[in-house]
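S.K.: structure of the sequence below:
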Amino acid sequence: MPYRFKIDEPVEKGFRRIAREQLDLALQELAAPEVQPKGVHESRKALKRLRALVRLAAPALGADRARKRNNTLSEIAQLLAGHRDQAVMLDTLKKLGEENGPDGAATLAPLTAHFAKASADAQQPLDPGSAAQARLMLLREAKKFARARIRKRGFAALEGGLEKSYRHARKSLKIAYSEPADETFHTLRKSVQWHWRQMSLLARAWPEEFAIRVADARELSQLLGDDHDLALLIAETANADDISADQKEDIVALCRRKQQTLRLEAEFRAKRLFAEMPQPFIKRMRAYWKFGSGMRARELPHLTHAEEPQALHLASSEAPKSHGEIKPALSKPRLAAKEEPASPSQRRA
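M.R.: Have a look, this model is predicted:
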């Protein structure tokens, strides 16, 4: 199923369904005898989608329950983070060298040598102990998500979380460009990712309209993701014992120039995306959901199953077309088929 609420489906039922689907995907990727880097990447994306879902429904789910779910999902992601970061930095280093020609390659040569061993390590399967621990934690979370209760109905169950995330994005945007730093831009990136995924979750209300916001938010997230990848590379350079101080200075300067270009490109995209004040934005989303639901109710009596209209495919949708549901009590997850669009970076999403 797509990563979206069905507009004619009770929100509580939809919440459990989407959570099941993402847990199934994460477990599938970690169920292989040897979990390859691509599997780690796909599992981390499923965890991010799941956390965006929890944030969207947090007020109706209960603040304490939502915080516990998010904290545990974050812990699982951390088990996979170190292995993933190595692959990201290698990919970033390669792209940076290609963009800057022979001079750039010469500047980056000490860092390339530094990563010589890491290149082999990054292609190794995930540590079996980490994979096993992550699977166990995911199965425990599956039981808790299966018992989740949503206190409100319809859009009222989601608008509190949507407004909080939207306000956070506007605040993060203001801080990032008034106090530019790797940390503030990383916070902005996370806010944009929440918005992107939450717009995907609500897209059934008006698929054509939401597709525009989803695509713009995803593109902005990619720009800010490239910025964050460079920040990881800068931090690795600063901590490298086998690179001289002068060489570090040249490498960092090259990274900072690229970051400046990315941040300039992202600025007006972000300001356009979050230009609307929070209350009018939420009012508009509420109206889309209300009238989208009304239109759906009028259409259904006149359609056979074969004639039922399909939602517009969103360019940024990360979800597979179809897959099975996990059974939390089972030790082995049911495997799910998935479909992912090609992405310009390993780190995407």
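S.K.: compute the first-to-last residue distance for stretch 235-250.
M.R.: Stretch 235-250 has an end-to-end distance of 14 Å (criterion: CA to CA, to the nearest Å).
S.K.: how about residues contacting it?
M.R.: Stretch 235-250 is contacted by residues Met89, Thr107, Pro110, Leu111, Ala113, His114, Ile251, Val252, Cys255 when judged by CB atoms under 8 Å, 6 or more residues apart in numbering. No exception for glycine: its C-beta is placed from N, CA and C like everyone else's.
S.K.: buried subset of those?
M.R.: Neighbour counting over those (16 or more other CB atoms under 10 Å) leaves Met89, Thr107, Pro110, Leu111, His114, Ile251, Val252, Cys255 as the buried ones.
S.K.: pLDDT weak spots in this structure?
M.R.: Scanning the chain for pLDDT under 70 picks out 1, 82-83, 117-123, 296-349.
S.K.: need the max-distance pair from the buried ones among the contacts of stretch 235-250.
M.R.: Farthest pair in the buried ones among the contacts of stretch 235-250 (CB to CB) is Met89 and Thr107. Separation: 16.1 Å.
S.K.: got TSV for the buried ones among the contacts of stretch 235-250, with secondary structure too?
M.R.: Formatted as TSV, the buried ones among the contacts of stretch 235-250 follow (DSSP: H, G, I helix; E, B strand; the rest coil):
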residue	secondary structure
Met89	helix
Thr107	helix
Pro110	helix
Leu111	helix
His114	helix
Ile251	helix
Val252	helix
Cys255	helix
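S.K.: from the residues you listed, which single one is nearest Leu201?
M.R.: Distances from Leu201 to those, taken by CB to CB, are shortest for Met89, at 31.1 Å.
S.K.: all helices for the chain, in order.
M.R.: Using DSSP state H, the helices found in the chain span residues 11-30, 37-61, 63-99, 101-114, 116-122, 128-146, 156-178, 182-201, 207-239, 245-273, 278-299.
S.K.: related to what we said a few turns ago, closest one of the buried ones among the contacts of stretch 235-250 to Lys45?
M.R.: Met89 (18.4 Å).
S.K.: go ahead and confirm the closest one touches Asp229.
M.R.: Yes - using CB atoms under 8 Å, Met89 is in contact with Asp229, at 7.2 Å.
S.K.: kindly tell me how buried Arg269 is, as a neighbour count.
M.R.: 16 (other CB atoms under 10 Å).
S.K.: pull the contacting residues for the residue lying closest to it once chain neighbours are set aside.
M.R.: With sequence-adjacent residues excluded and distances taken as CB to CB, 6 or more residues apart in numbering, Arg269 is closest to Leu220, at 4.8 Å. By CB under 8 Å, 6+ apart, the contact set of Leu220 is Val192, Trp196, Ala266, Arg269, Ala270, Leu273.
S.K.: try 6 Å
M.R.: Applying CB atoms under 6 Å, 6 or more residues apart in numbering to Leu220 gives the contacts Val192, Ala266, Arg269, Ala270.
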